[in-house]
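Engineer: predicted coordinates and the sequence they were generated for:
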Amino acid sequence: MWGRINSMQFLNEFQIITIIVLVILVGIILPHFLPDIKGRMGEKRTNDVLSYLPSDEYTILYNVMLQTDRGISQIDYIVVSLYGIFVIEVKNYQGWITGTERSNQWTQTIYKKKSHFMNPIYQNYGSITKLMGFRIPHIINSAHINEF
C-alpha cells in the first residue's frame, strides 16, 4: 500500500512541508511586527527630512520621554529653534484615513478592513500640553539629540 519512497520523493515532500510551515509562521508572526516596522520607516523618513535643517539653528530631539504625574509620555520629535518649538508625532498609515479634528478616533480603511486609532491632533495637543510643564534646557539635557 505505502510502498517504498525513494530519497528524491522524500526530499520533495520535506521541502513542501518546510515551505508550508514557514508560510504559516510568517503569517502568524509578521502581523505582530509590521506596525513597528512601518513606524520605524516613517521615523526614518522624518529623520531624512529633518536632517536638512541647519544644525546651528535647530536642535532635534528624538524619542523624548517625559515623566508626568500620569506616568511616562513619549514624543517622537521636538524641534527647538529661535523660530519656535515644534512637536512632531509621526504616523505612517496607508489606505483611506478618515476623521475630523474634533473626533476622538480616526479610522483607517484598507479594502474592507477598518481599524481605529487616536486622533493624532489630540495626541499632539496632549504632547504639547505635557511639554509646557517642563523647562526646555532640562528636556534637551535628558533627551536623545539627533546627530546628522
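Structural biologist: It's in.

Engineer: so which residues of this protein form helices?
Structural biologist: 7-50, 120-132, 136-142 (DSSP state H).

Engineer: of these, which shows the lowest average pLDDT?
Structural biologist: When the helices of the chain are compared on mean pLDDT, helix 136-142 scores lowest, with a mean of 55.

Engineer: for Leu50, which non-adjacent residue is closest in space?
Structural biologist: Closest residue in space to Leu50, ignoring its immediate chain neighbours: Ile60 at 5.3 Å, by Cβ to Cβ, 6 or more residues apart in numbering. For glycine as for every other residue, the C-beta is placed from the backbone atoms N, C-alpha and C.

Engineer: what's the pLDDT at that neighbour?
Structural biologist: 90.

Engineer: now do Val64
Structural biologist: 86.

Engineer: what of Lys112?
Structural biologist: 87.

Engineer: Asn119 too?
Structural biologist: On the pLDDT scale, Asn119 gets 91.

Engineer: on that earlier part again, next, count neighbours for the residue nearest to Leu50.
Structural biologist: The number of residues packed near Ile60 is 23, by other Cβ atoms under 10 Å.

Engineer: same check, this time on Tyr77
Structural biologist: The number of residues near Tyr77, taken as other Cβ under 10 Å, comes to 19.
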